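[1] okay, predicted coordinates and the sequence, questions at the end:
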Amino acid sequence: MDNLNGIAAFVRAAETSSYVAAGRLLGVSASAVGKSVARLEEKLGVRLLNRSTRRISLSNEGALFYERCQRILADLGDAEAELSHLAEAPRGKLRVSLPVIGYRIILPLLADFTRQYPEIELDLDFNDRLVDVVAEGVDVAVRSGTLTDSRLMARELGPFAFAIVGSPAYFARHGVPATPRALEGHACVRYKFPTTGKLQEWALQRAEGDSGGELRLPTALTCNNIEALIGAATQGVGLAYLPDFIVRDAIARGELQAVLADCLLYSSKFWVLWPSSRHLSPKIRVFVDHLCTHLHFSSPPPDPASFP
């Protein structure tokens, strides 16, 4: 580094014929320029600049060295510019961890992303397991719920609510629950967290006057895959407690119906996360920006007033 500083000082001094002007260009004092040139001359064992009280000029040896140094500094500038361009252009493999249901919300956005950034290779892992983003070398993760890992940076993608749904055929056979307590008389299909094995709680507000203690939901089926729960509810196995955005289309088609919407307490948020040590590299930055710009969660469908 000292050699480069000395070369830069020498070239600028030769170009301007002045230590003062060279120092102004380099952002240092005239004395610092003179000392850098002197150290370079001492190391090379030749005089590079002829000095007088009014100006400085190149010696014969200095003129030869000056041409070489100009090329060195020009090549260095070109290399820095090229690296800067590479740093700015998003490229390379991007490892993304997503929940299994992520394909419903993320995949529709990826065609446009890959057209905009053809040099980014997406490596998508759809898994409900809670991955260790840092230890497993994941670049970006999409998660819901409360964030607990301080090693991660995060941006909010959007909130979502839950819905309790069942098929029209199920309600025709078993009736429609009018209160949360009435769920104790219905078959329920429950989500089991893959990491802990615990069943997801159904966060419900008790009806006024309900003092019956904790709800005991009869479980007809447990599963660690939300797509399977949607299928089970659609087939009439029982009622399911699911994110509203993944059942909205099935409700619109009449395959599922929502109940007890006014009694649901819990909502959650989706987040996009990345290791804090990596900050926002270009490929991470453009992917995060794309999700935050294009991913939208609309409000859940209304609770139907009646069922056929």
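    Structure received. Numbers count the residues shown, from 1 in each chain.

[2] just for the chain, where's the confidence low?
    By pLDDT under 70, the weakly predicted segments of the chain are 1-2, 81-82, 84-87, 209-212, 277-280, 297-308.

[3] list the buried residues in the strand or helix carrying R115.
    Assigned by DSSP states H and E, R115 belongs to helix 107-116. Buried residues in helix 107-116, defined by neighbour count with 16 or more other Cβ atoms under 10 Å: 110, 113. C-beta: built from backbone N, CA, C; applies to glycine.

[4] go on, stretch 16-33?
    For stretch 16-33, burial by neighbour count (16+ other Cβ under 10 Å) applies to 16, 18-19, 22-23, 25-26, 28, 32-33.

[5] let's see the longest strand seen in the chain as CSV, backbone CA atoms only.
    Determined from DSSP state E, the single longest strand within the chain is strand 152-166. Extracted C-alpha coordinates of strand 152-166, given in CSV (Å, rounded to 0.1, in the frame of the first residue of the first chain):
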residue,chain,number,x,y,z
LEU,A,152,-31.1,-11.5,11.1
MET,A,153,-32.2,-8.3,9.4
ALA,A,154,-35.8,-8.1,8.5
ARG,A,155,-38.4,-6.3,6.4
GLU,A,156,-42.2,-6.8,6.8
LEU,A,157,-43.9,-8.2,3.8
GLY,A,158,-47.5,-7.8,5.1
PRO,A,159,-50.0,-8.9,7.7
PHE,A,160,-52.5,-11.8,7.4
ALA,A,161,-55.3,-13.2,9.4
PHE,A,162,-56.7,-16.7,10.0
ALA,A,163,-60.0,-18.3,9.0
ILE,A,164,-61.9,-21.3,10.3
VAL,A,165,-63.2,-23.1,7.3
GLY,A,166,-65.2,-26.3,6.4
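
[6] helix or strand right after that strand?
    helix 168-174.

[7] how close does G238 get to C263?
    Going from G238 to C263 by Cβ to Cβ, to the nearest Å gives 18 Å.

[8] cool, and Y117?
    Distance, Y117 to C263, by Cβ to Cβ: 44 Å.

[9] okay, domains of this protein per the record?
    2-88, 92-308 (automatic domain parsing).

[10] now V189: which helix or strand?
    If you go by DSSP H and E, V189 is part of strand 188-191.

[11] output the contacting helices and strands for the helix or strand that comes right after that strand.
    Going down the chain from strand 188-191, the next helix or strand is strand 219-223, by DSSP H and E. In terms of contacts (3 or more Cβ pairs under 8 Å, 6 or more residues apart in numbering; DSSP states H and E), strand 219-223 is packed against strand 188-191, helix 226-234.

[12] could you pull out the helices in the stretch 1-150 of the chain for me?
    Secondary structure of the stretch 1-150 of the chain (DSSP state H, counting those that start in this stretch): helices at 2-16, 19-26, 30-44, 60-88, 102-105, 107-116.

[13] just checking, what packs against the fifth one?
    Applying 3+ Cβ pairs under 8 Å, 6+ apart, one finds that helix 102-105 contacts helix 244-252.

[14] pairing partners for whatever helix or strand comes next after the helix it packs on, with directions?
    Next helix or strand after helix 244-252 toward the C-terminus (DSSP H and E): strand 257-259. Sheet pairing of strand 257-259 (DSSP bridges) gives strand 152-166 (antiparallel).

[15] any idea how far the partner strand is from the middle of the chain?
    From the chain centre to the centre of strand 152-166 is a distance of 15 Å (Cα atoms, centre = their mean, to the nearest Å).

[16] and the angle for that strand with helix 244-252?
    Orientation of strand 152-166 against helix 244-252 (axes from the mean of the first three to the mean of the last three Cα atoms, to 10 degrees) gives an angle of 30 degrees.

[17] strand 152-166 to helix 226-234, inter-axis angle?
    10 degrees.

[18] what residues of strand 152-166 count as buried?
    Using 16+ other Cβ under 10 Å as the test for burial, strand 152-166 gives 152, 154, 157, 160-166.

[19] hang on, the earlier thing: who has more neighbours, G238 and C263?
    Counted by other Cβ atoms under 10 Å, G238 and C263 do not tie: G238 has more neighbours, with 22 against 19.

[20] could you pull up the residues touching that one?
    166, 170, 186-189, 220-221, 232 (Cβ atoms under 8 Å, 6 or more residues apart in numbering).

[21] tally up the residues packed near the closest residue to it other than its chain neighbours, please.
    Leaving aside its sequence neighbours, G238 sits nearest to A187 (Cβ to Cβ, 6 or more residues apart in numbering; 3.4 Å). Around A187 there are 18 other residues, counting by other Cβ under 10 Å.

[22] next: A220.
    Other residues close to A220 by other Cβ under 10 Å number 14.

[23] quick one: it from G166, how far?
    Distance from A220 to G166, by Cβ to Cβ: 11 Å.
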